Structure formats: structure tokens, C-alpha cells
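# just to be clear, the model below is a prediction. Sequence and coordinates:
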Amino acid sequence: GWACWKTYLGRPERDANRPLAIDNLGGALWASRPKEALPVLEEALAGYRRAEQRGWRTEDAHGLTELTLGAQTRLANCYDQLERRGEALVLRREVYAKHMSLLGAAHENTIISGNNLGAGLLNNDLNDEARGVLRKQVSVARRALGRDHKSTLHACSHLSTCLGLKPTSLGDLREAEALMTDTVQRWRQVFGAAHPKTRHHAHVLSLIRENLRRNT
């Protein structure tokens, strides 16, 4: 974090390592110190965008673009930490659209950014749109990655949360219970009972079941 930043602090803006150093610092800060991380992450994203404008290239044809999209995702995470949900959602839409354009729907990076978009829509109470995005995510991820893949299980978790905690019908609740039950079982088998996400999904399943009991 700070050591990397200090190493490249005095280098000119055109130096490709400068935004990388800033990005590394922001990535180290955002989870625990989001207010400090915010201007760092904003500068990292601005640095990557300036590099794109100046024609900086990496060995991978999409390397700089992926760095930029990664910086947008980390900035969106920071905005969410600071409860600036609308600004986070704008970035998540951009990242997903760019991945779709570059890589197609079935690429893992697109699926990850689509999952992030679905979660962002839920955070902004755009539940109908979230439902549509997440149904697509579950379908694509199952075909492209398999039912036990981490990104597939994340998509299933987000969809079941949408259906089970913000239902529009009894059918939503029943679908949510079945989907989250399967997700918990698969997550436990793949990652173990002690994994934090296993416990989190089990907790959400208990909330969905309580919601179902109240409505039947």
C-alpha cells in the first residue's frame, strides 16, 4: 500500500506504474478506511483513463482496460461502503456494459461484473431490474461455469435474496427457499461449513424461511 505509493510518488504522470501504485494503495485502504481510500481510488481511476487517452498499452491487448474496470469496481465498492449507492451503481453499470462488449456474456469477468450489478440494483431498491439481471446471470453462469462455481453460487445467492427478502408473490418465496437451500448445500460442499459465506447464506436462508412462514 503506502510503501508502493511512496516508491512511485515522484514519478511523472505518464509513468505507467504511477496509477498502479495509487490503485494498490486504494485497494489496501477501502475495506477498513473507506473515507481515506476514496480520493486515492478516484485518482487511480483518473490515472488509468489518462493513460488510455495517451495510448499507453500493456502486453495484454485488454490489459489497460481491465485495470481501468478493476479500478472502477474498487471505487464502486468504496462508494457502497460510504453509502453512496447511486454513484456505485453508475460505475457497476459501466463495468458490466464494457465487459459485455469486450468479452461476451459467458466470460467469467462479465459474470462477476453482472453479479456486482445485480447486487448494486438491490442496494438501490431497483428490485424488478435486479430480478431480470440476476435471472440472466444464474442461467449464463450455470452454462458457462457450472453449478458449483463460486460466481454461479454468488448469482444464485443474489437472486434468492431478491426473491426471498423482497418478494412480489408466494411463488417468489418458494423459489427463493429452494434456490438458497441448494446454494447453501453446494457452498458447504465446495468451501466447507466454516467458510464465512456458508454461514451468511445459511442466515439468509433462515430469513427467507421465516418470511415464507409468515406468508403461508
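Perfect, thanks for sending it.
# remind me which residues of this protein are low pLDDT?
For the chain, the stretches flagged by pLDDT under 70 are 1-17, 55-62.
# could you rerun that using 80?
1-21, 24, 26-31, 52, 54-63 (pLDDT under 80).
# ok, and the closest non-adjacent residue to Thr183?
Ranked by Cβ to Cβ, 6 or more residues apart in numbering and with sequence neighbours excluded, the top spatial neighbour of Thr183 is Cys156, at 4.5 Å. Glycine gets a C-beta too; all of them are placed from N, C-alpha and C.
# tell me who's in contact with the one you found.
Shown in contact with Cys156 (Cβ atoms under 8 Å, 6 or more residues apart in numbering): 138, 179-180, 182-183.
# which of those sits closest to Ala144?
Ala144 lies nearest to Val138 out of those, by Cβ to Cβ, at 11.2 Å.
# give me the most central residue, the chain.
Per Cα atoms, centre = their mean, the C-alpha nearest to the average position across the chain is that of Asn116, at 3.0 Å.
# how near is that one to Tyr96?
Asn116 sits 7 Å away from Tyr96, going by Cβ to Cβ, to the nearest Å.
# same check on Leu126?
Leu126 is 14 Å from Tyr96, where distance means Cβ to Cβ.
# same check on Ile22?
Taking Cβ to Cβ, one finds Ile22 at 24 Å from Tyr96.
# again with Arg33
27 Å.
# more neighbours, these two?
Neighbour tally, Arg33 and Tyr96, criterion other Cβ atoms under 10 Å: the higher count belongs to Tyr96, 25 against 13.
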